[in-house]
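Asker: turn this into a structure:
(one chain, ligands or ions: 1)
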Amino acid sequence: MHIIGAGGHAKVIVEIILESNFKIEGIWDENPDLIEFMGYPVNGNFKSFMEKIIPNEAIIAIGNNGIRKKLGEQLSNNKGVAIHKSSVVSSSASINFGTVIMANATINAHATIGKYAIINTNASIDHDCHLGDYVHVSPQAGLGGNVTVGEGTHIGLGSSIIQGITIGKWATIGAGAVIINDIPDYAVVVGNPGRIIKYNKRHDEQ
Ligand SMILES: CC(=O)SCCNC(=O)CCNC(=O)[C@H](O)C(C)(C)COP(=O)(O)OP(=O)(O)OC[C@H]1O[C@@H](n2cnc3c(N)ncnc32)[C@H](O)[C@@H]1OP(=O)(O)O
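Answerer: This next block holds a predicted model:
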């Protein structure tokens, strides 16, 4: 497996890959001064990765949803996923390529997770949820059944989304928020009950 990005998020992903008995084939990062990461040589930047490798097994280990989208769109043949062995993923759930499922996360029946998503430590995605591409569900966040989350949205640490809610694309749900109403695209929402405090810029970079 190739790892794109060598920061804190990548440390967790490298450990998931190793614990799953996959081999780390290469580490790639934009910082030219970074020559080693977790005992592995850093091979070069994303451009050199694309030039040298036929990228079919890679994880974009970058937390920023917009950057994951930008890079992910260039990896058309990528089939890499990283799923921690302690996570519980229903056999009727579907996980698209590029996605990372971290320790103790649970994904229940008939949920669907888009590509290059992050389901972080202890997150809980209940039955029939549909999460778009490039979504990040942070540690300890909980989604009730039938929740829909649009492309690129970030669900913050420890937030709770009640069943049946629809959250739009490129929205941000603040840490600890409790979402009891549908949330429009780009909205930044905090508190209990969640209230919109502003909107993200209407492009993919956040
Ligand atoms: C493994 C990992 O580390 S995964 C990391 C996951 N990270 C997260 O989940 C963090 C999620 N981010 C947040 O909660 C952020 O605070 C955001 C995105 C909601 C807002 O951040 P910013 O845009 O920088 O807003 P800012 O800090 O200026 O706060 C704006 C107002 O909202 C309030 N606010 C910000 N975040 C929250 C929150 N989570 N809950 C309640 N109120 C909040 C602030 O107190 C402030 O209120 P004021 O105007 O009355 O002073």
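
Asker: burial measure for the closest residue to residue 81 other than its chain neighbours, as a count.
Answerer: Closest residue in space to residue 81, ignoring its immediate chain neighbours: residue 99 at 5.5 Å, by Cβ to Cβ, 6 or more residues apart in numbering. No exception for glycine: its C-beta is placed from N, CA and C like everyone else's. Using other Cβ atoms under 10 Å, residue 99 has 22 other residues around it.

Asker: residue 120 is in contact with residue 99, correct?
Answerer: No: contact criterion Cβ atoms under 8 Å: residue 99 and residue 120 do not qualify, at 11.5 Å.

Asker: list the contacts for the residue nearest to residue 81?
Answerer: 81-82, 113-119 (Cβ atoms under 8 Å, 6 or more residues apart in numbering).

Asker: which residue ranges of the chain form helices?
Answerer: Ranges of helices within the chain are 8-19, 46-52, 65-72, based on DSSP state H.

Asker: helices or strands up against the first one?
Answerer: Meaning helix 8-19. Of the remaining helices and strands, those touching helix 8-19 by 3 or more Cβ pairs under 8 Å, 6 or more residues apart in numbering; DSSP states H and E are strand 2-4, strand 82-83.

Asker: buried residues in it?
Answerer: Within helix 8-19, the residues scored as buried using 16 or more other Cβ atoms under 10 Å are 9-10, 12-14, 16-17.

Asker: in the protein, which residue is closest to the centre?
Answerer: The C-alpha lying nearest the average C-alpha coordinate of the chain belongs to residue 118 (Cα atoms, centre = their mean; 1.8 Å).

Asker: how far away is the residue lying closest to that one once chain neighbours are set aside from residue 145?
Answerer: Distance criterion Cβ to Cβ, 6+ apart; nearest residue to residue 118, sequence neighbours excluded, is residue 136 at 4.3 Å. Residue 136 sits 20 Å away from residue 145, going by Cβ to Cβ, to the nearest Å.

Asker: who's more crowded, these two?
Answerer: residue 136 (26 against 16).

Asker: ok, the more buried one - contacts?
Answerer: 63, 65, 117-118, 120, 153-155.

Asker: tell me what it is bridged to.
Answerer: Judged by DSSP bridges, the bridge partners of residue 136 are residue 118, residue 154.
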